[in-house]
Structures are given as C-alpha cells and as structure tokens.
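# compute the structure for the input listed below.
(2 chains)
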Amino acid sequence: KQEVTQIPAALSVPEGENLVLNCSFTDSAIYNLQWFRQDPGKGLTSLLLIQSSQREQTSGRLNASLDKSSGRSTLYIAASQPGDSATYLCAVLGPPRQLTFGSGTQLTVLP
Amino acid sequence: ETGVTQTPRHLVMGMTNKKSLKCEQHLGHNAMYWYKQSAKKPLELMFVYSLEERVENNSVPSRFSPECPNSSHLFLHLHTLQPEDSALYLCASSQEQTYEQYFGPGTRLTVT
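Numbers count the residues shown, from 1 in each chain, chains lettered A, B, ... in the order given. Have a look, this model is predicted:
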C-alpha cells in the first residue's frame, strides 16, 4: 500500500526566504505526482503536476522535482511572501489509479 | 460558474437526518471523485466515477451513497451518520483517471 510522508509538518520562515518542502513515497510505481495548496477551510488548488517520466516542473516562483527511483519529491518556493502561507499537500497517483495524499506541510511566512 | 462547485458549503445534521451533497464540474472532465478530509488525517479517497460508472469504493460505510447521473454531476447521499463522520468533504474531477485533478471548495459537515 502506497504511503506518502511530508516533512516538516510545519514550517515558519521570514518573508523573502527561499524554502524547500519534502515529500517521500514508498512505491515508485506511480503515474504522476501533484503538489497542492490548501488555505484554511478551503478546497485544494493544484500547483504543479509532474508526470512519472519528468524530472521537474516550474511555475513562477515554484519548482517541483521528482526522483521516482528514490521515492522523493521537493517543492522549492523562491522569495517567499506572506500570501504563500497555507498547507502544502503532496499526492501521488499510482495503481489502481488512486491519489494518495501526504499529511501536508503547514507553511507560515512572516512579514 | 467555472471549475468545480460544491453545495452546500456548510451542513449541520443530526444523526437521524438524510441529506445530500452536490458537486458540479464545468471543465468537460469524465472522471469525478469524493474525498474525505478529517482533522489531522490525510485526505482519503471515498469513491471514483469514470464515464459515469463507479470504479472505486474504498471500504466506505453504506451510510454514504454516491450517485453520478451524468459526467458533470456527482452526489453524495448521507443517512444515519455518526459524529465521527464530521469532516470536510471534497469533490474533484479530471480528464481520465491519470490526469491532473481539480478540486471544489468542499462541504464542511458537522454531525450532531
């Protein structure tokens, strides 16, 4: 059974700092990996999707990498802003075509 | 309306009530999902519909009953729920099951 772990569970940084969120998964047989953002009491917003054949994806200040063989992904956020404060969720899509989520990293960017 | 919408956004119900959650997607997708998000736990997949047929049912209690009348609409019928069923219920859709999933804002359910 696929298990997804996110470290750290919570992170607090000053504005402007670059930061890395980590995600690991136990079964490397995946179709893709998605990073989501969730604001308190709200739904999920998809940030980046990396197909299993890809190594990284970039969108604005966000860069996500995937090392399928080692079961790891990182989300890099450059020049963090208070508006980036949210919970960031990693999810892997694997057989039988189900998304398995991590517990998330709660990020606080201090002004 | 764009994206994935869910109604109601908040619901309080007693253990003997019957209610339904509604999800609608305006993205032309053909797969829809129900997830449950409880406090301090990862999102759990409940049901998957692909081309209006249920393809996954992850050992969900029978007090939750999904319905997918067409590719744009998904319902979750609730009856005789328990207090531990209180959670955020999220709907999602995608174009085929291996593509990116888009989520609705969720329904916050409280069972009293």
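# need the strands for chain B, in chain order.
B:4-7, B:10-13, B:18-25, B:31-37, B:44-50, B:53-57, B:64-70, B:73-79, B:87-94, B:102-103, B:107-111 (DSSP state E).
# repeat for chain A
Assigned by DSSP E, chain A shows strands spanning A:4-7, A:10-14, A:19-25, A:32-38, A:44-51, A:56-59, A:62-67, A:72-77, A:86-94, A:98-101, A:105-110.
# nearest to chain A, out of the strands of chain B?
Proximity to chain A, assessed across those by C-beta to the nearest C-beta, is greatest for strand B:102-103 (4.0 Å). The way it works is simple: take the backbone N, C-alpha and C, and place the C-beta from them, glycine included.
# quick one on the thing from earlier: B:M32 is nearest to which of the strands of chain A?
strand A:98-101 (13.0 Å; C-beta to C-beta).
# mean confidence for that closest one?
Averaging pLDDT along strand A:98-101 gives 88.
# still on that earlier bit, any chance of the strands of chain A in JSON lines, plus mean neighbour count and distance to B:S59?
Below are the strands of chain A laid out as JSON lines (neighbours: other C-beta atoms under 10 Å in any protein chain shown; distance: least, C-beta to C-beta, whole Å):
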{"stretch": "strand A:4-7", "mean neighbour count": "18", "distance to B:S59": "19"}
{"stretch": "strand A:10-14", "mean neighbour count": "12", "distance to B:S59": "31"}
{"stretch": "strand A:19-25", "mean neighbour count": "19", "distance to B:S59": "22"}
{"stretch": "strand A:32-38", "mean neighbour count": "22", "distance to B:S59": "24"}
{"stretch": "strand A:44-51", "mean neighbour count": "18", "distance to B:S59": "23"}
{"stretch": "strand A:56-59", "mean neighbour count": "14", "distance to B:S59": "33"}
{"stretch": "strand A:62-67", "mean neighbour count": "19", "distance to B:S59": "30"}
{"stretch": "strand A:72-77", "mean neighbour count": "20", "distance to B:S59": "28"}
{"stretch": "strand A:86-94", "mean neighbour count": "23", "distance to B:S59": "18"}
{"stretch": "strand A:98-101", "mean neighbour count": "21", "distance to B:S59": "13"}
{"stretch": "strand A:105-110", "mean neighbour count": "17", "distance to B:S59": "28"}
